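*Asks:* coords below, sequence missing:
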Ligand code: NAD
């Protein structure tokens, strides 16, 4: 059992903190939003008066915040408030540059640090089946691993500081591009008189096979559990897909990588989100592509 503080008890952080409580840890927490605080209290999290109070005697601190600027701003005070040698795990999805700032500031303050963004969404957070992609020293990873395993089922050490965030945005750039590719193929198939099921049966066992098709099919029918069968309620909202694609493009610009399809996917998701679809599941972009096809 460890003393663990979770800062950011939102859609992801709340259930993750709940799983740490279930695993027998003493979990303290803090969030700025009263509704999230109450939901976390109901999961057995000891709510602190402030973020600094929550980390005061923590051995491990998990942050699950919206973006890089939140993480850098919040951890500045937390690094000063926590006992020296605390392991800070940032599981938010943030830009690589802010992740590196988090590591440098944490290490300068005498702490261990790990960037450990997740994939698996709210369902994975609730069911403790998240994938964690980790960046940091082997020592920080070794300490974090058993705790992360209580919130997830696959824990990967991707490399040093920032490598977890790099893996996350590269993966999600593949996802955004491949979802658009699958949607375009279904819309073209419709125009050519091909049924959804026929295209699915062929492509799912041919070279077009990919996760966007066989685990998250964007048309109703072939996969009853996919969001297409419930009016594109998320799932994984288009706004979050856009956030991750924008992070990939920011990183590509800084690193000098050519990502023409990533850039196109970011533009298409920006237009889709701007037209009132930010809260829809990201696979709902098929409806918008169909409309554009005229
Ligand atoms: P969320 O908005 O539900 O939760 C974020 C929480 O942080 C909010 O409750 C907010 O009040 C709190 N917060 C902001 N600043 C704070 C501060 N200074 N101190 C304390 N609390 C503060 O977002 P979420 O869906 O839980 O996502 C969290 C992170 O996980 C994001 O970076 C997101 O991109 C990433 N992520 C989300 C999903 C998903 O499906 N929701 C999947 C993978 C990764």
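*Replies:* The structure has been received and is ready for your questions. Owing to the predicted nature of the structure, the values given are computational and were not obtained by experimental measurement.

*Asks:* What residue, apart from its backbone neighbours, is nearest residue 170 spatially?
*Replies:* residue 248 (7.0 Å; CB to CB, 6 or more residues apart in numbering). Where you see a C-beta, it was placed from the backbone N, CA and C, and this is true even at glycine.

*Asks:* Bridged to residue 30, which residues?
*Replies:* Under the criterion DSSP bridges, residue 30 forms beta bridges with residue 7.

*Asks:* What are the contacting residues of the helix or strand hosting the residue nearest to residue 170?
*Replies:* Using DSSP states H and E, residue 248 maps to helix 238-255. Contact with helix 238-255 is made by 67, 93-97, 165-166, 168-170, 172-173, 175-176, 179, 257-259, 262-263, 265-266, 269-270, 272-273, 277-282, 284-285, as judged by CB atoms under 8 Å, 6 or more residues apart in numbering.

*Asks:* Weed out the non-buried ones from the residues you listed.
*Replies:* By neighbour count, with 16 or more other CB atoms under 10 Å, the contacts of helix 238-255 hold 93-96, 165-166, 168-170, 172-173, 175-176, 179, 259, 262-263, 265-266, 269, 272-273, 277-278, 280-282, 284-285 as buried.

*Asks:* Please spell out which residues along the helix holding residue 248 are buried.
*Replies:* Across helix 238-255, burial judged by 16+ other CB under 10 Å covers 238-252.

*Asks:* counting contacts, what elements does the next helix-or-strand element following that helix pack onto?
*Replies:* Beyond helix 238-255 on the C-terminal side, the first helix or strand identified by DSSP H and E is helix 260-272. In terms of contact count using 3 or more CB pairs under 8 Å, 6 or more residues apart in numbering; DSSP states H and E, helix 260-272 is assigned the packing partners helix 163-191, helix 238-255, helix 285-292.

*Asks:* The ligand: which of these is closest?
*Replies:* Closest to the ligand of these is helix 238-255 (CB to the nearest ligand atom; 5.6 Å).

*Asks:* between that closest one and helix 163-191, how many degrees?
*Replies:* Calculated by axes from the mean of the first three to the mean of the last three CA atoms, to 10 degrees, helix 238-255 forms an angle of 120 degrees with helix 163-191.

*Asks:* What mean pLDDT does helix 238-255 get?
*Replies:* For helix 238-255, mean pLDDT rounds to 97.

*Asks:* Now do the contacts for the closest residue to the ligand within the chain.
*Replies:* At 1.9 Å from the ligand, residue 10 is the closest residue in the chain, using CB to the nearest ligand atom. Residue 10 is in contact with 31, 33, 36, 64, 66, counting by CB under 8 Å, 6+ apart.

*Asks:* What's the local residue count around the last one?
*Replies:* Right, residue 66. 13 (other CB atoms under 10 Å).

*Asks:* and the gap between the closest residue to residue 161 other than its chain neighbours and residue 164?
*Replies:* Of all residues not flanking residue 161 in the chain, residue 103 sits nearest, at 3.9 Å (CB to CB, 6+ apart). Taking CB to CB, to the nearest Å as the measure, residue 103 falls 11 Å from residue 164.

*Asks:* the more surrounded of those two?
*Replies:* Higher neighbour count among residue 103 and residue 164: residue 164, with 29 against 24, using other CB under 10 Å.

*Asks:* Would you confirm that that one contacts residue 170?
*Replies:* No - applying CB atoms under 8 Å, one finds residue 164 not in contact with residue 170, separated by 11.0 Å.

*Asks:* what touches both of those two?
*Replies:* Common neighbours of residue 164 and residue 170, counting by CB under 8 Å, 6+ apart, are absent.

*Asks:* Let me know the secondary structure of residue 150.
*Replies:* State at residue 150, reduced to three classes by DSSP: H, G, I helix; E, B strand; the rest coil: coil.
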